[in-house]
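Enquirer: Quick one, what's the 3D model for this:
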Amino acid sequence: MATRPQRLTSRRAPPKILFILLLIIVPICLLGVFTYGQKISYFLRPLWDHPPPPFQRIPHYYAENVSMEHLCRLHGWSILPQPRRVYDAVIFSNELDMLEIRWRELYPYVTKFVILESGTTFTGIPKPLFFASNRAQYAFAEGKIVHDTISGRVANRGSHDDPFKLESEQRVAMNGLLRRSGISYGDLLIMSDTDEIPSPHTLKLLQWCDGIPPVMHLELRHYMYSFEFPVDYSSWRATAHIYGAKTQYRHSRQTDLIFSDAGWHCSFCFRRIREFIFKMTAYSHADRVKRKDYLSNQRIQRLICHGEDLFDMLPEEYTFQELIKKLGPIPHSASAVHLPAYVIANAEKFKFLLPGGCERSPD
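Expert: Numbers count the residues shown, from 1 in each chain. Predicted coordinates:
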């Protein structure tokens, strides 16, 4: 019986078009990852990162013409026979207007304004001592000011010093200044950045009420560029402490307790474009300046007025729902209600912080 001849099979060579497509697609993908890697990472953050444990929120009761005794009782606290002494401590960079607003708002309640500034930025760049050279602007608070400077540390050219490490060194120096300021155990200490401002009624409540937690974060309403652009209530790093032996000046999570709706956090709320540029290149996230044109006066002015991100970044969120909700510009607000009283009383001076005042001076 004749055998069937074996059928010869040969593999087809991959079509040339496939190689051509790979040669086109692979470099484009690599270029996209290199160019937009940060955006891709932030967009996919809900997949690779987890949110920190939720805070335990302390309700905040306040209304005008209500006695302090009643307000303390509403929070489950009692009233002290005398108010606590209050120390307000900030590490200062260049937020001259925000410092003036902060101190004007808190002046009636604060015993000492403790302020430390460095001769270098958190990124190791030499900088002027802005407070020292503008101290006359704060003459109204002169008797309460405890000010000191440190030389800082200049980063070596081409070095990759961690800016958060340099920032931490300045916060350690603040501990020594606080001790020299005369603070005592049992005093109230506010730790926050200059632009994280507790409301006066928050400070008065914590000053007068007995039984408050020894450490709690302050939930602040977050604004960007001015009070025209409210973002959310995500600002939590400010803290209030009953000063004790273990108190250390920090700007990180220190407890699970947070006091609700306790003030304002106005980020990048500067009068002049050059102040924006200084902060963009000086603070701990200066690596977000990816290109020189990010520092263009015209670009910065346009983004301020539109409520768009200076660093062209996606929102830092842990769920796709929150991320998508915050995509795009921050919506404008026409409300100037429940803002710092000093801003409203001096509306012409601070019009750049109010609705409709987005135009900034370049100098």
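Enquirer: which SS class is Val110?
Expert: coil (DSSP: H, G, I helix; E, B strand; the rest coil).
Enquirer: how many other residues sit next to it?
Expert: Residues lying near Val110 (other Cβ atoms under 10 Å) number 22. All C-beta atoms are positioned from the backbone trio N, CA, C, and that covers glycine.
Enquirer: ok, it touching Leu203?
Expert: Yes - counting by Cβ atoms under 8 Å, Leu203 is a contact partner of Val110 at 7.5 Å.
Enquirer: intersection of neighbour lists for those two?
Expert: Residues touching both Val110 and Leu203 by Cβ atoms under 8 Å, 6 or more residues apart in numbering: Val86.
Enquirer: Hmm, Pro362 is touching Ile277, no?
Expert: No - with contact defined as Cβ under 8 Å, Pro362 does not count as touching Ile277 (9.7 Å).
Enquirer: more neighbours, these two?
Expert: Neighbour totals were compared for Pro362 and Ile277, and Ile277 leads with 19 against 11 (other Cβ under 10 Å).
Enquirer: Next up, the contacts around the closest residue in space to that one that isn't next to it in sequence.
Expert: Using Cβ to Cβ, 6 or more residues apart in numbering and skipping residues adjacent in sequence, the residue nearest Ile277 is Leu295, 5.1 Å away. For Leu295, the contact set (Cβ under 8 Å, 6+ apart) comprises Ile277, Met280, Thr281, Val289.
Enquirer: now Leu295: how far from Thr281?
Expert: As judged by Cβ to Cβ, to the nearest Å, Leu295 and Thr281 stand 7 Å apart.
Enquirer: can you check Lys349 too?
Expert: Per Cβ to Cβ, Lys349 is found 27 Å from Thr281.
Enquirer: Check Thr255 too.
Expert: 33 Å.
Enquirer: try Ser267
Expert: Using Cβ to Cβ, Ser267 is found at 16 Å from Thr281.
Enquirer: The two: which is more packed in?
Expert: A side-by-side neighbour count of Ser267 and Thr281, using other Cβ under 10 Å, places Ser267 first with 18 against 14.
Enquirer: Chain neighbours aside, what residue packs nearest to that one?
Expert: In space, Ser267 is closest to Met224, 5.3 Å off (Cβ to Cβ, 6+ apart).
Enquirer: repeat for Ser199
Expert: Closest residue in space to Ser199, ignoring its immediate chain neighbours: Gly263 at 4.3 Å, by Cβ to Cβ, 6+ apart.
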